[in-house]
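K.L.:
This is a predicted model, with the sequence first.
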Amino acid sequence: MKGILIFIAAAVLLLFLLLLCSTLERRRLVIRKQSLHLSQLPQAFDGLRLVQLSDLHKQVYPHGERKLLQAVQACQPDVIVITGDLVSRTVTDFSERQELLMHLRQIAPVYLCLGNHEWDMQPQQIADYRAMIAAAGCELLENQTISFHRGAGTCYLAGASLRIGIYHNADFQYQNLETYSSEDLTHDIGSRKGCTILLAHSPFPAESYFAWGADLTLSGHVHGGIVRIPGIGGLLSPERKLFPKYSKGLYAKDGKYLYVNCGIGKLRLGNPPEVTMLKLHSKWN
C-alpha cells in the first residue's frame, strides 16, 4: 500500500511539474530566423523580410501584447502575415485582436488567411471578424492572390481558405477527412503566377502546395506537435494523429519550401511560442 501511495504522489508531482513548465513556457517568445533562396524571386525583392505569426487563439500577453509587438518590431519586417487561428472559435469580442492588428499595421502591411477556428465561427461571427480585420487596415486573403511590385519586379502573395472538411467531419470527428489536391487549389485560387508565397493554415496538403508550384508556403495549425520530443519531433496534431509529418520548421522539395510556424497560443512543452522572420533572397544574390 505504501508503495502505491509513493507512486501516486510521484505521478502527481511529475504532472504538476510538467504543467508548471508548460505554463512558464507559454510566457516565452522566441524569434526564429531563416534565410531562403527562392529561384523565382525577382532580384528587386532580394533581402525581403517577412514575419509570420500563427495560431494566437486566446493567448494574451501582459501589457497589451507589448512583448509580441516588440519581437515583431525587432525583425524590421517588410510584410507581416498571420496564417490562421488569430482567435479561437468561441471568441465573439474581437476588440483586443483589432488593437493588436492596428499596432502590427503600423510596423508593416498585414495579410491573413483563414484557419479552422475561423471556419467554425457562426455566420455573424465571421462577418464581424472580417469587418474587424478591414477596420484595422489589414487584408484577409480568401482564395485570392495579390501582387507586389518593386522596380521592374513582381512577386505574388496568395491566401488559401482550404475547406473545413480537411480539419474535421460534420460530426466534429477526425475520421474520413477530405483531401485537398493541387487541382483543388487551382480551382479555388487559380494558377500560380510567377514567384508566389502561399498562406495556407494546414501544412498537411504540403504535396499539393508543392505540385501547385508555390515557391514558399507558410502554414501553422499543428502547434509544433504540442509536445516536442528531442530527436523525434512533435507528438500530436489537432486531428489527434501521433507524430505528424509536418509539425514545425522548414521542409523542402524540388526547390520549393514549406515553413510551419509552431504558433503562439495553446498548451505546449519543449515548444516555445514563436515569431518567424524569413529573409528571402533571389538566385541572383
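P.N.:
Happy to help now that I have it. As the structure is a prediction and not an experimental result, all values here were calculated from the model. Residues are numbered from 1 along each chain as shown.

K.L.:
Helices of the chain, residue ranges please.
P.N.:
2-26, 62-74, 95-107, 116-119, 123-135, 182-189, 206-212 (DSSP state H).

K.L.:
List the buried residues of the last one.
P.N.:
Of the residues in helix 206-212, those buried under the neighbour-count criterion (16 or more other CB atoms under 10 Å) are Ala206, Ser208, Tyr209, Phe210, Ala211, Trp212. Every residue, glycine included, has its C-beta placed from N, CA and C.

K.L.:
and that helix, what other elements does it pack with?
P.N.:
helix 182-189, strand 196-200, strand 216-219, strand 249-253, strand 256-260 (3 or more CB pairs under 8 Å, 6 or more residues apart in numbering; DSSP states H and E).

K.L.:
Any chance of these in TSV with mean pLDDT, distance to Ile126 and mean neighbour count as columns?
P.N.:
Below are the helices and strands packed on helix 206-212 laid out as TSV (pLDDT from 0 to 100; distance: least, CB to CB, whole Å; neighbours: other CB atoms under 10 Å):
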stretch	mean pLDDT	distance to Ile126	mean neighbour count
helix 182-189	96	17	17
strand 196-200	98	17	26
strand 216-219	98	21	26
strand 249-253	96	30	15
strand 256-260	97	25	24
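
K.L.:
Dump these into a markdown table; add distance to Met121 as well.
P.N.:
Formatted as a markdown table, these follow (distance: least, CB to CB, whole Å):
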| stretch | distance to Met121 |
| --- | --- |
| helix 182-189 | 19 |
| strand 196-200 | 18 |
| strand 216-219 | 20 |
| strand 249-253 | 29 |
| strand 256-260 | 24 |
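
K.L.:
Compare those and give me the one nearest Asp171.
P.N.:
Each of the helices and strands packed on helix 206-212 was scored for nearness to Asp171 using CB to CB, and the closest is helix 182-189 (22.5 Å).

K.L.:
Send me the closest one as CSV with only the CA atoms.
P.N.:
Extracted in CSV, the C-alpha atoms of helix 182-189 (Å, rounded to 0.1, in the frame of the first residue of the first chain):
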residue,chain,number,x,y,z
SER,A,182,-3.3,20.8,-56.4
GLU,A,183,-6.3,20.8,-58.7
ASP,A,184,-8.5,21.9,-55.8
LEU,A,185,-6.0,24.8,-55.2
THR,A,186,-6.1,25.8,-58.8
HIS,A,187,-9.9,25.7,-58.7
ASP,A,188,-10.0,27.9,-55.6
ILE,A,189,-7.2,30.4,-56.4
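
K.L.:
any idea of the angle that helix forms with strand 196-200?
P.N.:
90 degrees (axes from the mean of the first three to the mean of the last three CA atoms, to 10 degrees).

K.L.:
Tell me which residues are up against helix 182-189.
P.N.:
Under the criterion CB atoms under 8 Å, 6 or more residues apart in numbering, residues Asn143, Gln144, Thr145, Ala158, Ala160, Ser161, Pro205, Ser208, Tyr209, Ala211, Trp212 lie in contact with helix 182-189.

K.L.:
nearest residue to the fifth one other than its sequence neighbours?
P.N.:
Spelled out, that is Ala160. Ala200 (4.2 Å; CB to CB, 6 or more residues apart in numbering).

K.L.:
isn't that neighbour right up against Ser219?
P.N.:
Yes: shown here, Ala200 and Ser219 form a contact pair, counting by CB atoms under 8 Å, at 5.5 Å.

K.L.:
overlap in contacts of the two?
P.N.:
What both Ala200 and Ser219 touch, as defined by CB under 8 Å, 6+ apart, is the set Thr83.

K.L.:
From what I see, Tyr174 and Ser237 are in contact.
P.N.:
No: between Tyr174 and Ser237 there is no contact under CB under 8 Å: 9.1 Å.

K.L.:
Just want to know which of the two has more residues nearby.
P.N.:
With neighbours defined as other CB atoms under 10 Å, Tyr174 and Ser237 compare such that Ser237 has more, 22 against 14.
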